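K.L.:
Sequence plus predicted model, see below.
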Amino acid sequence: MVPRQQRKPSSPTNEISLTASKIASRSYQYFRLSSGFVYSALLARWLALYPLVGSKFLAGGIHEFLCYVMVYSATGELFWNLKHYGVKRVQGRTVLKNVNYLYFVATLHFHDDYEHAPVLKSRSYSLFIIALSLTQAYCNWSRLFKPVNRSRKSMWWKIDSIALQPVLYLCEFYLLLLNLQTPNFHSYQYSELINKLILIAFIPMALHAYRKQIALL
């Protein structure tokens, strides 16, 4: 009889590497799950508040939560994108999307005055919240449970690409434009100049990103 070969004990280095890989995988799954949950909670909060207070007082109950959600998801996705791909995809659509979200928060957070900001009383603000919640909840859900190539064949992915994303970025552009036209004590000379330059570049960059999205259909 041929003696059965004994398995060599794994080295401590391999065990540490395997443990670190499992922790990173679990952390990524937790991030995707929690991001999908908070965007779903954002939509649920809008559904609860809007019938009660309408557009006039909506920002008082949801805007701070919206800012926290966007900062959490954007910084987390930037971190994982950098961890998985390094600097190879710094100019990718994922990075562009999350930098855009951080810019939106930086421009429209209004500190403690969001309850009285005329920009946030617009109907486009509600449409922005709805489209953002649906697109990002789906994005995190699909990346958590489905391969990306398979999720692109689904009907929801097509609805997201053809309808929800154009609504999202058109509403964002309108809110940024309205904010530029509405004077407030949070605006400064240099910030207004930066906002104007970004608005000039917003449409070409959004169209370029959308053209790549539609090409995948």
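P.N.:
Everything's here; your move. Since we're looking at a predicted model, the values are computed, not measured.

K.L.:
drop to CA atoms for contacts and neighbour counts, all remaining ones
P.N.:
Noted.

K.L.:
which residues of this protein fall in strands?
P.N.:
Read by DSSP state E, the chain holds no strands at all.

K.L.:
Flag the helix or strand of it with the lowest per-element mean pLDDT.
P.N.:
Ranked by mean pLDDT, DSSP states H and E, the weakest helix or strand in the chain is helix 148-151, scoring a mean of 57.

K.L.:
tally of neighbours for residue 58?
P.N.:
22 (other C-alpha atoms under 10 Å).

K.L.:
An error on my part: the question was meant for residue 115.
P.N.:
19.

K.L.:
name the helices or strands packed onto the longest helix seen in the chain?
P.N.:
Ordering each helix of the chain by length in residues (DSSP state H) puts helix 12-53 first. Judged by 3 or more C-alpha pairs under 8 Å, 6 or more residues apart in numbering; DSSP states H and E, the packing partners of helix 12-53 are helix 58-85, helix 123-145.

K.L.:
Adding mean pLDDT and distance to residue 154, write the ones you listed out as a markdown table.
P.N.:
Listed next are those as a markdown table, based on pLDDT from 0 to 100; distance: least, C-alpha to C-alpha, whole Å:
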| stretch | mean pLDDT | distance to residue 154 |
| --- | --- | --- |
| helix 58-85 | 92 | 23 |
| helix 123-145 | 92 | 10 |
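
K.L.:
Out of these, flag the one nearest residue 166.
P.N.:
helix 123-145 (9.0 Å; C-alpha to C-alpha).

K.L.:
Show me which positions of that closest one end up buried.
P.N.:
Residues 124-142, 144 are the ones in helix 123-145 that count as buried (16 or more other C-alpha atoms under 10 Å).

K.L.:
Just want the angle from it to helix 12-53.
P.N.:
Relative orientation of helix 123-145 versus helix 12-53 (axes from the mean of the first three to the mean of the last three C-alpha atoms, to 10 degrees): 150 degrees.

K.L.:
helices or strands next to helix 123-145 in the packing?
P.N.:
Counting by 3+ C-alpha pairs under 8 Å, 6+ apart, helix 123-145 packs on helix 12-53, helix 165-181.

K.L.:
deepest of the ones you listed, which one?
P.N.:
Stretch with highest mean neighbour count among the helices and strands packed on helix 123-145: helix 165-181 (a mean of 18; mean count of other C-alpha atoms under 10 Å).

K.L.:
Rounded mean pLDDT for that helix, please.
P.N.:
In this model, helix 165-181 has a mean pLDDT of 92.

K.L.:
Next, the angle from that helix to helix 123-145.
P.N.:
Interaxial angle, helix 165-181 versus helix 123-145 (the same axes, to 10 degrees): 140 degrees.
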